[in-house]
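Asks: Predicted model and sequence follow; I will ask about them next.
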Amino acid sequence: MNNFFNQLLLLNVLILRTPITICKIQKQKMSGFKLNFLDHVAIRVRDVETSALWYENVLGLKRHQLKEWGDYPILMLSDTSGVTIFPANTNDPIITSGSRNIKIDHFAFNVTQDDFKKAQEVFNELKIDFEIQDHHYFHSVYIKDPDNHTVELTTLMVSAASFYNKGTYE
């Protein structure tokens, strides 16, 4: 959980360019609300159109551009979850993709086991390199988008009830 907060803090600094005060967050029981699902991940890219087309053609995400927002961001969604694309400021210092420093390492979309297999077939047809990893409870396939962001498609290999049972991950 601490890594999650570190990444949120970094996003605040990198994207919003606002100074922040870091405070120690104590473990507390959250009550009063429940997160439903990951809504979107915002990424910065060299070419907004190239990236939008890649997410549309490779992952089948649907493009949503709202006139009230102007040219960007472009929302690339599967139902109500997806990627929000912003243009990069190429004058800012570059963090290398291989860096293990504080950054967004990757983002993942959940797929069924059937769609996991179909995705690999599509990637092969499109000649997109991919890597498969067995995470015991999940199997994942990893690809790179045009800006070298790591995109994961993951599928649960056990029943959701048995995995998401509280005792499984504590």
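Replies: Structure's in. What do you need?
Asks: contacts and neighbour counts: CA atoms only from here.
Replies: Fine.
Asks: What's the per-residue pLDDT of residue 80 here?
Replies: Residue 80 carries a pLDDT score of 81 in this model.
Asks: How about it: what's its closest non-neighbour residue?
Replies: residue 39 (6.6 Å; Cα to Cα, 6 or more residues apart in numbering).
Asks: And the residue nearest the centre of the chain?
Replies: residue 107 (2.4 Å; Cα atoms, centre = their mean).
Asks: these two touch, right, that residue and residue 154?
Replies: No. The pair residue 107 / residue 154 is not scored as a contact, 10.1 Å apart, by Cα atoms under 8 Å.
Asks: Just after the helix or strand hosting residue 84, pick out the following helix or strand.
Replies: Using DSSP states H and E, residue 84 sits in strand 81-87. Sequence order places strand 107-110 as the next helix or strand after strand 81-87, per DSSP H and E.
Asks: Now do the helix or strand that that next one is followed by: everything it contacts.
Replies: The C-terminal neighbour of strand 107-110 among helices and strands, as given by DSSP H and E, is helix 113-125. Here helix 113-125 makes contact (Cα atoms under 8 Å, 6 or more residues apart in numbering) with 58, 129, 130, 141, 153, 154, 155, 156, 157.
Asks: Same check on stretch 49-69?
Replies: For stretch 49-69, with Cα under 8 Å, 6+ apart as the criterion, the contacting residues are 45, 71-78, 82, 85, 122-123, 126, 145-147.
Asks: Going by neighbour count, which of those are buried?
Replies: 45, 73, 74, 75, 76, 77, 82, 85 (16 or more other Cα atoms under 10 Å).
Asks: one step back: give the contact list for the residue nearest to the centre of the chain.
Replies: 41, 150, 151, 152.
Asks: okay, these in JSON lines with neighbour count, pLDDT and distance to residue 66 next?
Replies: Output for those, formatted as JSON lines (neighbours: other Cα atoms under 10 Å; pLDDT from 0 to 100; distance: Cα to Cα, whole Å):
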{"residue": "41", "neighbour count": "16", "pLDDT": "91", "distance to residue 66": "17"}
{"residue": "150", "neighbour count": "16", "pLDDT": "93", "distance to residue 66": "26"}
{"residue": "151", "neighbour count": "19", "pLDDT": "94", "distance to residue 66": "25"}
{"residue": "152", "neighbour count": "20", "pLDDT": "94", "distance to residue 66": "27"}
